[in-house]
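1. Mind folding the following:
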Amino acid sequence: MISQSEVESINKFLLESTGTLENIQKMFVKKFESEPNPYPYFYQGLCDNIFTKGQRLLSIYLLYNSELKSCLQDIYIFTQNDFEKKFILDPQIYAGITIKTLLEEQDKFTSNEKPSLKDQSQNQISQNKIRNCVSINNNNPPQKFRNNSTLIQQQNGFEIDYFRPIPITIQNKFDWIDLHEVSDNIWDYSLSINSDKLSQIKEIMSKAHMEQITEQEFQQFQEYLKKDNYNLLKNNGLINFNLSEIIEKNLNLAFFLFSKSFPNPEFFDLIDSLVQIDVTPNGLEIMCMIVQQFHIPQEYLNYYINYCIQFCQNIKEKGSQVRMIKYLTIFLKHLINKKMYKTSDLVTELQAFSIEFSNIGETSSLFKLIKSDKSDKSDTSQ
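-> Residues are numbered from 1 along each chain as shown. Next up, the predicted model:
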């Protein structure tokens, strides 16, 4: 097969050719005698109808004077141009005239015959047939091409004598999928720096759900909410966060959000949400910090402690259950010793909890503390 550059060279020759047909044919042989056989390209171009009128006639003349002369039988059968048929039969009659004169002869010949609409339709169908003609005289191909194995391709089990010429618009390599050829991009690193303070605070809040924020980021968060604590939280959507994630990743930030919500209704909404998440050491610690800092109604504490007891009882894994019971026992003992919780409302539940897990050392001391707290209250009442 001829290359794309050779196809371009042949096309250029056809466009720039001057003189008689015989002289053009001699120049063509002299110019391309050392190149791979170019004549299959002319045949394919005639089948695909890619040439102009003058180029078609010149291609027919060149084929007629080559070893592919027999291939013109296909063109003669499928073409509907009567002048082309006449020209194919004996192109040597016109060897001494130029292409311009040859085109004038063709115009005179066709002007005498005005085809009807039906004939035009048949011509179009014939053109489609000739474009689909991709073999070179299968019944009797030239000996040279019959023996040339490089021109016979095997594809999907079907033999194809000749491929169509490569279209000019298609290159030999697919540059459009080459991911390594990237233009020199200039990245604007200032895009990662947001000068808007509110946007920075929201970014810190988003980060706090996934990892621990730095001390500088925590101070920046506190500084932003120092002047107007609650309105900024509410109006800027900063109260819509995942409490359990904030508590586990950033305990100080979680307590800061509690303190900025007090004494608004959202503060007690956050307290209510504590009994909807898993009991963890950080959860107990933040509740202890809240009780020390703010006045929490006794019923809230009763409800939370009862929830923690039931949560510990439902833990399936033994090691995790023992560890969580120890944390809860320490939490309860701290509240009782600091006089921040009255055991009278849940004395039965607390004693049952201590007895159930009496094999854990901390619960034994909790049982004694509850009993002594109960006796102290009875003595005081007397």
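2. Only C-alpha atoms from now on, for both contacts and neighbour counts.
-> Fine.
3. Kindly provide the whole-number mean pLDDT of stretch 305-317.
-> The average pLDDT for stretch 305-317 rounds to 92.
4. what comes into contact with that stretch?
-> 275, 278-279, 321, 324-325, 328, 346, 349, 353 (Cα atoms under 8 Å, 6 or more residues apart in numbering).
5. Can you give me the domain boundaries for this protein?
-> 4-160, 194-381 (automatic domain parsing).
6. got those as JSON lines, with mean neighbour count columns?
-> JSON lines is the format used below for those (neighbours: other Cα atoms under 10 Å):
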{"stretch": "domain 4-160", "mean neighbour count": "15"}
{"stretch": "domain 194-381", "mean neighbour count": "15"}
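7. What are the boundaries of the strands in the stretch 201-350 of the chain?
-> Remark: strands of the stretch 201-350 of the chain are absent; assignment by DSSP state E, counting those that start in this stretch.
8. what about it, any weak spots by pLDDT?
-> Along the stretch 201-350 of the chain, segments meeting pLDDT under 70 span 227-240.
9. Kindly recompute the last result at 80.
-> Residues of the stretch 201-350 of the chain meeting the criterion pLDDT under 80: 224-241, 261-266.
10. So which residues of it form helices?
-> Along the stretch 201-350 of the chain, the segments classed as helices by DSSP state H, counting those that start in this stretch run 215-224, 229-235, 243-249, 251-261, 265-274, 281-293, 298-313, 318-337, 347-356.
11. Quick one: closest of those helices to Phe367.
-> helix 347-356 (5.6 Å; Cα to Cα).
12. what residues does that closest one touch?
-> So helix 347-356 is contacted by 306, 309, 343, 363-364, 366-367, 370 (Cα under 8 Å, 6+ apart).
13. Could you identify the most distant pair in these?
-> Greatest spatial distance among these (Cα to Cα): Asn306 and Ser364, at 18.5 Å.
14. how about low-confidence regions in the stretch 51-200 of the chain?
-> 68, 74, 78, 80, 110-199.
15. repeat that with 70
-> Short version for the stretch 51-200 of the chain, where the test is pLDDT under 70: 112-196.
16. Output stretch 217-227 as PDB, restricted to C-alpha atoms.
-> This file holds the C-alpha atoms of stretch 217-227, laid out as PDB (Å, rounded to 0.1, in the frame of the first residue of the first chain):
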ATOM      1  CA  GLU A 217      -8.100  26.600  63.400                       C
ATOM      2  CA  PHE A 218      -9.900  26.200  66.700                       C
ATOM      3  CA  GLN A 219      -8.800  29.600  67.900                       C
ATOM      4  CA  GLN A 220      -9.900  31.100  64.500                       C
ATOM      5  CA  PHE A 221     -13.300  29.400  65.000                       C
ATOM      6  CA  GLN A 222     -13.700  30.900  68.500                       C
ATOM      7  CA  GLU A 223     -12.600  34.400  67.300                       C
ATOM      8  CA  TYR A 224     -15.200  34.400  64.600                       C
ATOM      9  CA  LEU A 225     -18.000  33.600  67.000                       C
ATOM     10  CA  LYS A 226     -16.800  35.700  69.900                       C
ATOM     11  CA  LYS A 227     -19.000  38.800  69.200                       C
END
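17. centre of the chain versus that stretch, how much separation?
-> Once both centres are worked out by Cα atoms, centre = their mean, to the nearest Å, stretch 217-227 turns out to sit 38 Å from its chain's centre.
18. And stretch 98-108, by the same measure?
-> 59 Å.
19. these two touch, right, Leu72 and Ser66?
-> No: between Leu72 and Ser66 there is no contact under Cα atoms under 8 Å: 10.7 Å.
20. Correct me if wrong, but Asn359 is in a helix.
-> No: per DSSP: H, G, I helix; E, B strand; the rest coil, Asn359 lies outside any helix segment and is coil.
21. Tell me how far it lies from Lys326.
-> 11 Å (Cα to Cα, to the nearest Å).
22. cool, and Pro263?
-> Where Lys326 is concerned, Pro263 sits at a distance of 32 Å (Cα to Cα).
23. again with Lys31
-> Lys31 is 99 Å from Lys326, by Cα to Cα.
24. same deal with Ala254?
-> 23 Å.
25. what's the spacing between stretch 282-300 and its chain's center?
-> With Cα atoms, centre = their mean, you get 48 Å for stretch 282-300.
26. who's in contact with it?
-> Taking Cα under 8 Å, 6+ apart as the rule, stretch 282-300 contacts 247-248, 251, 254-255, 258, 274, 327-328, 331, 335, 340-342.
27. pull the CA atoms of it into PDB?
-> Extracted as PDB, the C-alpha positions of stretch 282-300 are listed here (Å, rounded to 0.1, in the frame of the first residue of the first chain):
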ATOM      1  CA  ASN A 282     -15.800  11.300  74.800                       C
ATOM      2  CA  GLY A 283     -19.600  11.400  75.100                       C
ATOM      3  CA  LEU A 284     -19.500  10.900  78.900                       C
ATOM      4  CA  GLU A 285     -16.700  13.500  79.200                       C
ATOM      5  CA  ILE A 286     -18.600  16.200  77.300                       C
ATOM      6  CA  MET A 287     -21.700  15.500  79.400                       C
ATOM      7  CA  CYS A 288     -19.600  15.900  82.500                       C
ATOM      8  CA  MET A 289     -18.200  19.200  81.200                       C
ATOM      9  CA  ILE A 290     -21.800  20.400  80.400                       C
ATOM     10  CA  VAL A 291     -23.100  19.500  83.900                       C
ATOM     11  CA  GLN A 292     -20.200  21.400  85.500                       C
ATOM     12  CA  GLN A 293     -20.600  24.500  83.300                       C
ATOM     13  CA  PHE A 294     -24.400  24.800  83.000                       C
ATOM     14  CA  HIS A 295     -27.400  24.000  85.100                       C
ATOM     15  CA  ILE A 296     -29.000  20.900  83.600                       C
ATOM     16  CA  PRO A 297     -32.500  19.900  84.900                       C
ATOM     17  CA  GLN A 298     -32.500  16.600  87.000                       C
ATOM     18  CA  GLU A 299     -34.900  14.900  84.600                       C
ATOM     19  CA  TYR A 300     -32.400  15.300  81.700                       C
END
